[in-house]
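Student: Pasting the sequence and the predicted coordinates here, then a few questions.
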Amino acid sequence: MEYRHLGPDLSVSALGLGCMPMSGNPVGNYGVADEGESIRTIHRAIDLGVTFFDTAEAYGPIANEALLGRAIARRREGLVLATKYSMQYDEAGNQIGPFDGSPANARRSCEAALRRLGTDRIDIFYLHRVDPKVPIEDSVGGMAELVREGKVLHIGLSEAGADTIRRAHAVHPIAAVQSEYSLWERGVEEDILPAIRELGIGFVPFSPLGRGFLTGTITSRSDLATGDYRLGDPRYGEGNFDRNMALVDATRQVAARHGVSPARVALAWLLGRGEDIVPIPGAKRRTTMEDSIAAVELRLSDADLADLDRAAPIGIAAGDRYQPENMAMLRL
C-alpha cells in the first residue's frame, strides 16, 4: 500500500474504503449487502494496508456507522475514520428534522457517531452538504469547537463550492474536501481542485467508479435489483445508459492492454491526477475491494492517459449526477 497526506499532516492509505454500499439489508443504495461479508471486507482491507474508512450518519441511516464500529472494535489503532453530519436523526435512525448544518446538530451527530463507532475521536468530521440556511462560518465554528474538545481531529466539507471552501478555511483549517470525481465526472477540475490546492487541502473523490458504471460489470439496467438507488440515477436512465457505455468501452480497451479490470484503470487514472487525491471506492465484498486496492500498483502509460482523456473530457457523461432536488444541494 502507498500512503498520502490530506492537508499538511494527516497520513492515509492512497485508497480508502467507502462503506456506504454495506448498508443494504434488505436493499440499500447499491443492492443487497451481507453484514458478515461487509465486516470481512473491512478486515481484509485493513490487512492489505487500508487505513482510511468513510461512513456517514445518513448511510442506513446510522446503521453504517454502527457496522463500521463493530468491524473495527479491536482494530481501531492506526485507522483514520471519517463520518459526516447532515440531517437530524434519533437513535433508531428515524429522521426527525430537516437538513441542518447548525453547530447544535454537528454536536448531536458527532457524539452519536462516537458511540456508534466505539471510539473517542473522529479523525475527519465532514459537513455532508452545505446548509444554505446556516452561514458556513457558523457550521465550521461548531465543528471547530468539537476539535478543541478532542472529539474531532480534522474538519472536512462535502460538495462545497470554491468560495465556500475559502470562507470555511478562514475559520478553521479544512483537511479534506469530498466530491464526486471520476472519468465520467470531471467538473471539479474547473474550480474546486484549483481552490483546494491553493489552500493546501486534500481531495477525497467519492463514486470514483461512477457508482459502479465504470467497472464494466453492469451492462444494462436489468442488472440492477429492484429498489437499487441507481435505477433513479439519471446517468443510468433510459437513453443515457447506452450513451455512457462508450466511456466504459474506452476504459475496457486500456484495461485489456494491462490484463486488468476496467475498475483498476479508472482508479489508477484518478490516483495519477495528484498526490493530494485519495479516492474512496465503495465495496461490500472482498473480491471487489481487493480488485480496487490493486489499482495502487497499476501504472498507466502516456498513451493510456491520452486515450482516456480523449474518451472522457469534462461533461462527457449523458445525464445529470442526481435528480433535480439533489443537484440543488451541490457546490453551494
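Tutor: Perfect, thanks for sending it.
Student: can you map out the helices along the stretch 151-300 of the chain?
Tutor: Counting by DSSP state H, counting those that start in this stretch, the stretch 151-300 of the chain has these helices, from start to end: 162-171, 192-199, 240-258, 262-271, 286-293.
Student: in what helix or strand does residue 96 lie?
Tutor: Under the criterion of DSSP states H and E, residue 96 resides in strand 95-97.
Student: residues in contact with residue 234?
Tutor: For residue 234, the contact set (CB atoms under 8 Å, 6 or more residues apart in numbering) comprises 240, 319-323. For the C-beta atoms, the positions are set from N, CA and C on the backbone; glycine is no exception.
Student: hmm, which of these are the buried ones?
Tutor: Among the contacts of residue 234, the ones that count as buried by 16 or more other CB atoms under 10 Å are 240, 319, 321-322.
Student: burial of residue 129, as a residue count?
Tutor: By other CB atoms under 10 Å, the residues close to residue 129 number 21.
Student: and if you look at residue 255?
Tutor: Around residue 255 sit 21 other residues, with neighbours defined as other CB under 10 Å.
Student: now do residue 138
Tutor: By other CB under 10 Å, neighbour count at residue 138 equals 16.
Student: who's in contact with the residue nearest the centre of the chain?
Tutor: Residue closest to the average C-alpha location in the chain (CA atoms, centre = their mean): residue 206, at 2.9 Å. Neighbouring residues of residue 206 by CB under 8 Å, 6+ apart: 18, 54, 158, 178-181, 280, 282.
Student: And residue 258, by the same measure?
Tutor: Residue 258 neighbours (CB under 8 Å, 6+ apart): 264-265, 298, 304.
Student: For the helices of the stretch 151-300 of the chain, please prepare CSV with the additional fields distance to residue 331 and mean pLDDT.
Tutor: Below are the helices of the stretch 151-300 of the chain laid out as CSV (distance: least, CB to CB, whole Å; pLDDT from 0 to 100):
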stretch, distance to residue 331, mean pLDDT
helix 162-171, 8, 98
helix 192-199, 8, 98
helix 240-258, 21, 94
helix 262-271, 20, 98
helix 286-293, 27, 97
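Student: Now that we have these, can you turn them into CSV and tack on distance to residue 141?
Tutor: Below are the helices of the stretch 151-300 of the chain laid out as CSV (distance: least, CB to CB, whole Å):
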stretch, distance to residue 141
helix 162-171, 6
helix 192-199, 18
helix 240-258, 41
helix 262-271, 33
helix 286-293, 36
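Student: Looking at those, which is nearest to residue 127?
Tutor: Of all the helices of the stretch 151-300 of the chain, helix 162-171 sits nearest to residue 127, with 8.2 Å by CB to CB.
Student: ok, residues contacting the closest one?
Tutor: With CB under 8 Å, 6+ apart, helix 162-171 has contacts from 130, 136-137, 139-141, 144, 155, 157, 160, 174, 177, 191-192, 194-196, 199, 201, 331-332.
Student: let's see it at 6 Å
Tutor: Where contact means CB atoms under 6 Å, 6 or more residues apart in numbering, the residues beyond helix 162-171 that reach it are 130, 136-137, 140-141, 157, 174, 191-192, 195, 199.
Student: Where do the strands of the protein begin and end?
Tutor: Taking DSSP state E to define them, one finds strands in the chain at 3-6, 10-13, 17-18, 52-54, 80-85, 88-89, 95-97, 122-127, 152-158, 174-180, 202-206.
Student: Of those, which stretch is the most buried?
Tutor: Most buried of the strands of the chain, by mean neighbour count (mean count of other CB atoms under 10 Å): strand 17-18, with a mean of 28.
Student: Report the rounded mean pLDDT for that strand.
Tutor: Per-residue pLDDT over strand 17-18 has a mean of 98.
Student: Pull out the buried residues from stretch 134-146.
Tutor: In terms of neighbour count (16+ other CB under 10 Å), stretch 134-146 has its buried residues at 134, 136, 138-140, 142-146.
Student: picking up where we left off before, and of the helices of the stretch 151-300 of the chain, who's closest to residue 6?
Tutor: The minimum distance between residue 6 and these falls on helix 192-199, with 10.2 Å, by CB to CB.
Student: What is the closest one packed up against?
Tutor: Helix 192-199 sits against helix 162-171, with contacts defined as 3 or more CB pairs under 6 Å, 6 or more residues apart in numbering; DSSP states H and E.
Student: Centre of the chain to the helix it packs on, how far?
Tutor: With CA atoms, centre = their mean, to the nearest Å as the basis, helix 162-171 stands 20 Å off its chain's centre.
Student: between that helix and strand 152-158, how big is the angle?
Tutor: 160 degrees (axes from the mean of the first three to the mean of the last three CA atoms, to 10 degrees).
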